[in-house]
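Undergrad: Just to be clear, the model below is a prediction. Sequence and coordinates:
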Amino acid sequence: MEKLLSKFKYIIIVLLALIMIYIFSTQYINIKEVVEDKYQIQQQLVEKNIMQTVNYINDAYKIVEQQLNQEMREHSEVMVDKYQQNQDVMNWNLEELQQQFSGYDIYIVDQDLEIIKTTYQEDLGLDFSRFGSFATVLRQRMAGSEFEVDRIDLSTQTGEIKKYSYMPSPDNQYLFELSVSIEDQYPSFQSLNLFKDATALTEEYAIVEDISFYSVEPLEHQVAKLRNSKKPYLNPDVPEFEEELARQAVLQNDLQSSQGENGNNDLRYRFFPVLVSDQENEQGWNSYVVGITYNDQIMQVEIAEHRRLFVVNIILLAVLFASFIAVVVYLLKKFEHQAYHDKLTGLANRKYFTEEFEALKQKADSSGSNIGLIFIDIDQFKAINDNYGHDVGDRVLESIAAKMKNNLKGEDILARMGGDEFLVALSDLNSKSEIIKVAKRLIKKLNGDLIIGDRKIKISVSGGVSFYPDESRELEILIKNADAAMYKAKREDDDLFVSK
């Protein structure tokens, strides 16, 4: 046997080397495919998220528009009635009208398309004749006899989300315009921020270089880029290739893509329409396009890194060393976990709870939220151990711990304090009533029958609640108060008692 091995040792070495090369090369190919799939999935998630945000905002605006359209028509008719009584618009008391039209600004536009009187003084003297196709639309509206209302849109000058309506005077000498700030009228809309979501996605996914929004006007299809914090909020200075992609996305009503370079980075552009106006029915309304720039160099760098690791692995053949490191890391993590967690239930122990509570306090202080501490004790647990044995008692503790984890948020902290006592920290809650509501729901979930093997054991628990920061900023005091409340709940035969 030894002679056979000696004779073929080089062949065996070559075969082992080939096997190693095959294993590592297969691994590299698989990793390359995984990396490509990862970035493809990220791209899909980014586009899905941004489209969902746009559609959600659009749906919300549509609901609001139904109410505003009726209000603006009624206010415009009031102005027409006033004009029939007094055609000297320069002597109108617009402030008095504005009090009647709560939340609205009023504009009077003359035949030269100049704002000659308004409650929004920054726009006084604004000449719409300089706005190309929009001036054409305004002239048509002034020459008509119908009330016209625009879709909710971005104000170029202020960056506010506004809605405008137009009503010509009976003699077609003036155009009465109304505007309303959506965020002022409906404060809840302040949380609907496309730019904020786009920034969050750009920061979360390295492959996303930029997410931009483009406005395409309906007649000449001129393109402007929306800006979040710099006037003008519609910037017409758009690179030519971006302008063409945005324009074609609207004209084709379909995705437009292109490749490009920026320094050493390979960039990929995907422009897709999100709100496209029907020219026949929505004259004067802009269409909108989302343009996402992906940096494919990020993926190539990651693939190149895996390729480098592949070569290094082939050269070093460091399987034993890597295994050794893996074992060491595993043992260290295992020891660390044992130092901070309860062996039976896997829950955090008191030491780990204390450290995590400090981080929870900082978060609560910065956000102005409350933390609720619930001290929970299993009723008559000693009787369970005496009647069924400690093995069953252990299973009860494990089941109770599992129930708690399943009924708490990931941000909440759960620990076993010892014996049959547990401690819960509820985070990100705005009021005591919310904390009490969650605590009651948790206690209710824990009460009831447990099936342990072939036994059905009736379980009831008692809980006490204390509040950070109202009662104290010190954890030990909060635990003491919650513990005292829990014992009071036991004495009064109640499930839950709140520390006063």
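TA: Received the coordinates, thanks.

Undergrad: May I see the buried residues of stretch 428-437?
TA: Neighbour-count burial for stretch 428-437 flags 429, 435-436 (criterion: 16 or more other C-beta atoms under 10 Å). For every residue, glycine as well, the C-beta is placed using N, CA and C.

Undergrad: Among those, which ones are in strands?
TA: L429 (DSSP state E).

Undergrad: Identify the residue with the minimum pLDDT among the buried residues of stretch 428-437.
TA: Lowest pLDDT of the buried residues of stretch 428-437: L429, 87.

Undergrad: helix or strand for the closest residue to A415 other than its chain neighbours, which one?
TA: Nearest residue to A415 in three dimensions, chain neighbours excluded: F353, at 3.8 Å (C-beta to C-beta, 6 or more residues apart in numbering). Using DSSP states H and E, F353 falls within helix 350-367.

Undergrad: chain center to stretch 343-363, what's the gap?
TA: In this view, stretch 343-363 has its centroid 27 Å away from the chain centroid, taken as C-alpha atoms, centre = their mean, to the nearest Å.

Undergrad: neighbouring strands for the lengthiest strand in the chain, and are they parallel or not?
TA: If you go by DSSP E, the chain has its longest strand at strand 265-275. Counting by DSSP bridges, the strands paired with strand 265-275 are strand 256-262 (antiparallel), strand 287-295 (antiparallel).

Undergrad: re the thing from before, residues contacting the helix holding F353, please?
TA: With C-beta atoms under 8 Å, 6 or more residues apart in numbering as the test, helix 350-367 has contacts from 339-341, 348, 369-371, 411, 413, 415, 417-418, 423, 425, 427-428, 468-469, 473, 475.

Undergrad: which is the next helix or strand following it?
TA: Immediately after helix 350-367, counting by DSSP H and E, sits strand 370-378.

Undergrad: Need the CA coordinates for that following strand. PDB is fine.
TA: The C-alpha coordinates for strand 370-378 follow below in PDB (Å, rounded to 0.1, in the frame of the first residue of the first chain):
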ATOM      1  CA  ASN A 370     -41.800  56.300  26.500                       C
ATOM      2  CA  ILE A 371     -40.500  53.000  27.700                       C
ATOM      3  CA  GLY A 372     -42.700  50.600  29.700                       C
ATOM      4  CA  LEU A 373     -41.200  48.000  32.000                       C
ATOM      5  CA  ILE A 374     -43.300  44.900  32.700                       C
ATOM      6  CA  PHE A 375     -42.300  42.600  35.500                       C
ATOM      7  CA  ILE A 376     -44.000  39.200  35.000                       C
ATOM      8  CA  ASP A 377     -44.200  36.300  37.400                       C
ATOM      9  CA  ILE A 378     -45.900  32.900  36.800                       C
END
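
Undergrad: Output the contacting helices and strands for that strand.
TA: On a contact count with 3 or more C-beta pairs under 8 Å, 6 or more residues apart in numbering; DSSP states H and E, strand 370-378 meets helix 350-367, helix 390-406, strand 421-429, helix 432-446, strand 461-468, helix 475-491.

Undergrad: and the direction of that strand versus that of strand 421-429, what angle?
TA: 160 degrees (axes from the mean of the first three to the mean of the last three C-alpha atoms, to 10 degrees).

Undergrad: now the angle between helix 390-406 and the helix or strand just after strand 370-378, please.
TA: Per DSSP H and E, strand 370-378 leads on to helix 381-388 as the next helix or strand towards the C-terminus. Relative orientation of helix 381-388 versus helix 390-406 (the same axes, to 10 degrees): 130 degrees.

Undergrad: quick one on the thing from earlier: ranking the helices and strands packed on strand 370-378 by burial, who's on top?
TA: Ranked by average neighbour count under the criterion mean count of other C-beta atoms under 10 Å, the helices and strands packed on strand 370-378 are headed by strand 461-468 at a mean of 25.

Undergrad: how far is it from where the chain is centred?
TA: 32 Å.

Undergrad: avg pLDDT for the longest strand of the chain?
TA: Strand 265-275 comes out with an average pLDDT of 87.

Undergrad: Pull up the pairing partners for the helix or strand hosting A224, direction included.
TA: Assigned by DSSP H and E, A224 belongs to strand 223-226. Sheet pairing of strand 223-226 (DSSP bridges) gives strand 208-216 (antiparallel), strand 234-235 (antiparallel).

Undergrad: in the first one, what counts as buried?
TA: Read that as strand 208-216. 208-209, 211-216.

Undergrad: export the strands paired with strand 223-226 to TSV and tack on distance to Q67?
TA: TSV is the format used below for the strands paired with strand 223-226 (distance: least, C-beta to C-beta, whole Å):
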stretch	distance to Q67
strand 208-216	25
strand 234-235	26
